[in-house]
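1. Got a predicted model here, sequence first, then my questions.
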Amino acid sequence: MPQGSEPDVPLSRPYADELRKTTCYMCACRCGVRVHMKDGAIRYIDGDPDHPVNRGVLCAKGSAGLMQHLSPARLTKPLKRVGPRGSGEFEEIEWEEALALAAEWLGEVRARDPKRLAFFTGRDQSQSLTGWWAAKFGTQNFAAHGGFCSVNMAAAGLYSIASSFWEFGEPDWERARYLLLFGVAEDHDSNPIKLGLGKMKTRGAKVVSVNPVRTGYSAIADEWIGVRPGTDGLFAGALIHELLQAERVDFDWLAAMTDAPFLVIRNPGGPDDGLYARDADGRELVWDGARGEAASAADPDAKPVLAGERRLADGRTVVPAFQLIAERFLDPSYSADAAAEKTGVPAATVKRIARELADVAFEQAIELPIAWTDWAGRTRQTMRGRPVAMHAMRGISAHSNGFHTCRILHVLQMMLGAIDGPGSSRHKPPFPRPCPPGPKPAQPAEGPDLPLAGMPLGFPTGPEDLLVAPDGTPQRIDKAYSWEHPIAAHGLMHMVLHNAWAGDPYEIDVLFMYMANMGWNSAMNVPATLKYLTDVDEDGAYKIPKIIYSDAYYSETVPYADLVLPDTTYLERWDCISLLDRPISSADGPADSIRRPVVAPDRDVRPFQDVLIELGARLNLPGFVNEAGEPLYPGLYKDYIANHERAPGIGPLAGWRGEGGNQGGRGAANPEQLERYVENGGFWHERLPDAALFHKHANRAYLDYAHDKGWIPSNDRIVLRLYVEAMQKFRLAAQGHGALQPPEAHRRRVETYFDPVPFWYAPFESAAFADEYPIAAITQRPMHMYHSWGSQNAWLRQITARNQLYVHPDTAADAGVRNGGWVWIVSPIARVKAQVRCMHGVEPGTVWTWNAIGKRKGAWGLAEGAPETTKGFLLNHVINDLLPVRDGGLKYANADPVTGQAAWYDLRVRLEPCAPHEAGETEPMFERFAAPPPTGGRPDVLRAVGPLTAPGGGAPAASANWIGQRAAYVEGGLGLAAAGGGRRVDEPLEDPEGER
C-alpha cells in the first residue's frame, strides 16, 4: 500500500439494497414506515420522515413489525374443523374447497333470510369495504369493534361538535397553551401525540392529565389529576359550573357558532315539549333582542339573546337552549364541593383549573392575520382562537355513562369557544359534518337475495330511524338501533355471541368474523363467551350453527371456528386507509394512504379483502358482478381500490383522481392511481388554503371546498349543538307521544337517559355494587402493545411478558396484601388471580393492569410455560356482559344505554389475599389448545438473515442500528433464545419477593 494512502476496507456491510414505503398496521395510528430490504427480504422497519402522520417517529410496535410478519403464530393454510369446537383439531384444505364451502354456507343464508348472517369485524381498517359488502349481501347485522372501544366518544362528538376526538379531530399542537387530557392511554395515536406533547412542552404550554392512573402521558404532564373511574363527566361539569358562576364564557362565540340561542319549546307533557321552535318553513328560531321578536336562526342580521323566557306569537312558551344548559350546570350538584365528594378531586383543584382555563382562553387569546369569510358572507381580517385544547379517549368512553360524559366535555369546550379556532381542538377533514352527520342506518332487506337500501350503520335522528319490528322488538342480532340502545352508531360487537346463543331476538345461521378475538380479550365474561361458542341444543347441534373466521394468527378464537380463512400480514397485501372510513387527515387538510405488498406471502394465505371480494362475486352480489355475472373486480382488492366508486367521482382513494391524475378528492378513476401513491411514499395529502384552516363549521371557503369534495350534502353552515334535539324526540316517544313508542318495559330507561342536556350519573355497576365491591378495576394498554397482537411479538415480549395488578400501597395494606404477593380479584360474577405490584401513581380506590397480555395456553404459537400463559391474566374473565336484573326487569347489556358502548371500565371488585399454596400462577386456567399444523413442528429458534449475520453465515457484520441487529433472532414455537446465550423470554421475571 503506498505510503499516506487510506486503506480501502469496508467498515460495515450494506444493510439494505432497497427501501419500500408503506403504512404500519401495528396499531390504529397508521403511521408511514420505511421497510429496508436486502436480497428481497425485510431487514428492519423505521418511520418515514416524509409521512404526514408520524413524520419519521415510530414507536416500539411499529419497529417490531418485522417480528409480527415473522411470527410463529401465523396461520399457513385454510383449515376445516374436524374435532369439537375449542379443541383446535383441524384439517388443512385447499383454497378452492374453503371458498366453495364459505360461498355455500353464505348463499344458503342469503336465499333464506340475509339477516341470519352476522358479519362482525375487529381491528379492521377497511370498514368502508366490509360494511359495503354486508349491505350488498343484505344483512343489517354488521359492525366493527367500535362498540367495544369508543362509540361513546364518536357519537357524542358527531351529535354535538360535528367531529370528535382522535380520528375526526385533534388539538392544535402548534398553538395550544393549555391541554386537558381525559382518559388517554398510550396505545392509540401515540406517535402524533408524542410529537404534539413535545411541541407543547418545548413552548412551555401546560398539560393536565385527568386519569386514575399516572403512566405515560400522565407521568410527563405538568399536572396529574387522579380522578375516580367514571367520574370525569362530573369533574368537567364542575368546571362548567365554575365558569358559569364567574361568567367566564364566550357568549359571542356561542351565539354565532352553536345552537345556544335556538329557542326551545317549554310545554311540559305536550308533544312538542323540548323541541326547537321553528317557523313555517321549518327553520329554527332565535329571539332577536334588538327587534324584540323571534327571527330565523339563519338570519345574519339577528341579534340573538341567550337567556329569558318568551312567548311566541302563536302562544308557545320558549327559552334559549343556553338557558337550559345553564340551569343544569349551575345546580348545586355540580358545585366543586359536591363534585369533590364523588370524583376524589379536591374542590380547590376544581376551582383552580377552571380559573386557569378561563385565563388562557380569554386573557391569552390568539389572533392570526388571516382574512376569512363566514357562512353569511361577512369578512373578518383575523382568525381568533381560544388556545385551550382537549383530547380524550377510551378512559371516558368505556363506561355506562360515557356518552353523556363525552357530551359534557364538548359543552365545556364550547363554553370556552374552543372549537376549531387557533390553539383549540380542531376538526380534521372530511369533518366537520352536520350534527348528526348521516346517513341513517338502512332498514332490513325486503326479502331473500336482496341488498340493503343503504349502509348497515348510521345515525338516527328520531324513533322513525330505529331498526325495530312493529311490536318494538329489535331487528339486529346485537340489538343496535333498538329501544335498548337507540344510537348504537358502531353496533354492539360484544353482544353478538350472547344474543346468537340465546336466540334473542332471533337465531342466526352463520357467524362470520374477521380479526376479532371474541373468544378472549374482546369478550366480557370470557367463561360465558366460551359457552356461547360451544353450547349445543337438545339435538346436539351447536346453538351458533356455523362460524367462519379470518385472521392472520392463531388467536384464542381460531379453535372455535368451523372454517378458518388465513389472512396475510400487513406487509404482504394491498390496503386502503380511506376518507370513506377512518382517515389520516390532519386539521390542516385531508389525507389518505395505502399499504402495498413489500414481500410476497411464503404461506398459502390470502388477504381477507381479496377473499371478501371473491366471495361477493361467487355469491353474485350486486356491485361485485356485472350483468353477465362476471366479476367487476377481477384484480380483487387492488382492482377495487383503484376503480370502485361509492358516488360519481368518489372512490376509496382521494389522491390523483381523474383521467390525468391531476384531481384531488373527486374525479374519475385513474388506472395509474396506485402507482402515484407508491411513488409518493404511499400517501396523499392536500393542505387547505389559509382562509379555510379554522372555524370550518362556519367558514365559507371550507364549506364550499368540502361540498365540492362530496363530504357534506350542502355548503350551509354547520351548527354545533349544546342541546341535542334528536335526544328529546326519543324522550317524547317514551312519554307517550308519536306513532312510534318504546315497549312499556323500556319507557323509563329511554325517558331518563335521552336527556337533550347532558348530565352525569354514576356508572351502573358502581351504583349497584359499590358497597360490597368497593374498588374500581380498569385496564390500560402500554405504548408498545396493541390488543392481542403485541404480546405474541418476540421483541415486544422482551419489554412486557406478563402483567401484574397495580395497587396503591394504602389500598394494598387495607386488603392485607403486600407488594409482590398474590391476590384474588373478586367481582360479582367470578374471580381471577394475579400478582400485586404497589405504586403511588394510581387513585387509591382504583386498581389496574395492562390489558391483553395474558394468553391462553396453545394460542399465538407461544411456548409451553410462557409467562403470558402462566402469570399473565385478563380482567375480562370477571367483567359481566349483562347488567344485574333489578325488580324482575330485563337483562340489558352491560353498556351505555344510549349507544351500547361496552362498559368494561365500570368493573367493581374486592381484593382477597391468596393462600400460600395458591401463589405463583394465574387462574382461571383453561384447557390447552391443540396447535394447528404446522405450528407444532416449528423449531425452538427461527433464524432470519439479518444485519447481525454476515452472508454465508460468517462473522457478524457491524451495525449501529439496534433494531436491525435484533432482526437476526426471531422467536420460534418454544420461546426466544439469543445467539451466544442470554435469558430466554419464558424464564421467570421476578424473584421470590416479586421484584424484577
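-> Yep, that arrived. Residues are numbered from 1 along each chain as shown.
2. I'd like to know how many residues surround Glu89.
-> 15 (other C-beta atoms under 10 Å). C-beta coordinates here come from the backbone N, C-alpha and C atoms, glycine included.
3. Read off the pLDDT value for it.
-> At Glu89, the predicted lDDT confidence score is 94.
4. which residues does Thr139 contact?
-> Counting by C-beta atoms under 8 Å, 6 or more residues apart in numbering, Thr139 touches 114-119, 445, 452, 456.
5. Can you lay out those as JSON lines showing pLDDT, neighbour count and distance to Asp279?
-> Listed next are those as JSON lines, based on pLDDT from 0 to 100; neighbours: other C-beta atoms under 10 Å; distance: C-beta to C-beta, whole Å:
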{"residue": "Pro114", "pLDDT": "97", "neighbour count": "24", "distance to Asp279": "43"}
{"residue": "Lys115", "pLDDT": "97", "neighbour count": "22", "distance to Asp279": "42"}
{"residue": "Arg116", "pLDDT": "98", "neighbour count": "19", "distance to Asp279": "47"}
{"residue": "Leu117", "pLDDT": "98", "neighbour count": "27", "distance to Asp279": "46"}
{"residue": "Ala118", "pLDDT": "98", "neighbour count": "28", "distance to Asp279": "45"}
{"residue": "Phe119", "pLDDT": "97", "neighbour count": "25", "distance to Asp279": "45"}
{"residue": "Ala445", "pLDDT": "91", "neighbour count": "20", "distance to Asp279": "39"}
{"residue": "Leu452", "pLDDT": "97", "neighbour count": "23", "distance to Asp279": "36"}
{"residue": "Pro456", "pLDDT": "96", "neighbour count": "26", "distance to Asp279": "36"}
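6. Closest to Glu923 out of those?
-> Ala118 (31.8 Å; C-beta to C-beta).
7. Mind telling me what element that closest one is part of?
-> Element membership for Ala118 (DSSP states H and E) is strand 117-121.
8. List the strands paired with that strand, with their directions.
-> Strand 117-121 sits in its sheet next to strand 142-143 (parallel), strand 510-514 (parallel), going by DSSP bridges.
9. Not counting sequence-adjacent ones, nearest residue to Phe764?
-> Distance criterion C-beta to C-beta, 6 or more residues apart in numbering; nearest residue to Phe764, sequence neighbours excluded, is Ser400 at 4.5 Å.
10. try Pro72
-> Spatial nearest neighbour of Pro72, excluding adjacent residues (C-beta to C-beta, 6+ apart): Gly861 at 3.7 Å.
11. Tell me which other helices or strands the helix or strand where Ala338 lies touches.
-> Here Ala338, judged by DSSP H and E, is contained in helix 336-343. Where contact means 3 or more C-beta pairs under 8 Å, 6 or more residues apart in numbering; DSSP states H and E, helix 336-343 is packed against helix 232-245, helix 347-358.
12. Could you say which of these is packed most deeply?
-> helix 232-245 (a mean of 26; mean count of other C-beta atoms under 10 Å).
13. for the record, mean pLDDT for it?
-> On average, helix 232-245 scores 98.
14. ok, how many other residues are close to the residue nearest to Pro72?
-> 21.
15. quick one: it and Ser791, what's the gap?
-> Look at Gly861 and Ser791: by C-beta to C-beta, to the nearest Å, they are 12 Å apart.
16. Now Ala313: closest residue in space, sequence neighbours ignored.
-> Using C-beta to C-beta, 6+ apart, the closest residue to Ala313 is Ala294 (7.5 Å).
17. Hmm, the one you found is touching Ala277, no?
-> Yes: contact criterion C-beta atoms under 8 Å: Ala294 and Ala277 qualify, at 7.3 Å.
18. TSV for the helices and strands packed on helix 336-343, including distance to Asp273?
-> Listed next are these as TSV, based on distance: least, C-beta to C-beta, whole Å:
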stretch	distance to Asp273
helix 232-245	24
helix 347-358	32
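19. Compare those helices and give me the one nearest Lys77.
-> Short answer: helix 232-245, nearest of those by C-beta to C-beta, at 47.3 Å.
20. Does anything pack onto that closest one? Which helices or strands?
-> By 3+ C-beta pairs under 8 Å, 6+ apart, helix 232-245 packs against helix 321-329, helix 336-343, helix 347-358, helix 394-397, helix 402-415.
21. try 10 Å this time
-> Applying 3 or more C-beta pairs under 10 Å, 6 or more residues apart in numbering; DSSP states H and E, one finds that helix 232-245 contacts strand 178-182, strand 206-210, helix 321-329, helix 336-343, helix 347-358, strand 388-392, helix 394-397, helix 402-415.
22. now these in CSV, with distance to Arg910 and mean pLDDT?
-> Listed next are the helices and strands packed on helix 232-245 as CSV, based on distance: least, C-beta to C-beta, whole Å; pLDDT from 0 to 100:
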stretch, distance to Arg910, mean pLDDT
strand 178-182, 27, 98
strand 206-210, 26, 98
helix 321-329, 34, 98
helix 336-343, 20, 98
helix 347-358, 28, 98
strand 388-392, 29, 97
helix 394-397, 22, 91
helix 402-415, 24, 98
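23. right, and those - which one's nearest Gly667?
-> Comparing the helices and strands packed on helix 232-245 by C-beta to C-beta, strand 388-392 comes nearest, at 34.1 Å.
24. List the buried residues in that closest one.
-> Neighbour-count burial for strand 388-392, with 16 or more other C-beta atoms under 10 Å as criterion, is recorded at 388-392.
25. As JSON lines, the residues you listed with distance to Gly865 would be great.
-> Shown next, in JSON lines, are those (distance: C-beta to C-beta, whole Å):
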{"residue": "Val388", "distance to Gly865": "51"}
{"residue": "Ala389", "distance to Gly865": "47"}
{"residue": "Met390", "distance to Gly865": "46"}
{"residue": "His391", "distance to Gly865": "41"}
{"residue": "Ala392", "distance to Gly865": "40"}
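26. my read: Arg266 touches Tyr276, true?
-> No: Arg266 is beyond contact range of Tyr276, at 12.0 Å (criterion: C-beta atoms under 10 Å).
27. between these two, what contacts are shared?
-> Common neighbours of Arg266 and Tyr276, using C-beta atoms under 10 Å, 6 or more residues apart in numbering, are Val318.
28. Contacts only, for the closest residue to Ala321 other than its chain neighbours.
-> Counting by C-beta to C-beta, 6+ apart, Tyr723 is the residue found nearest to Ala321 once chain neighbours are left out, at 3.8 Å. Applying C-beta under 10 Å, 6+ apart to Tyr723 gives the contacts 160, 258-260, 262, 264, 274, 276, 320-325, 411, 755-758.
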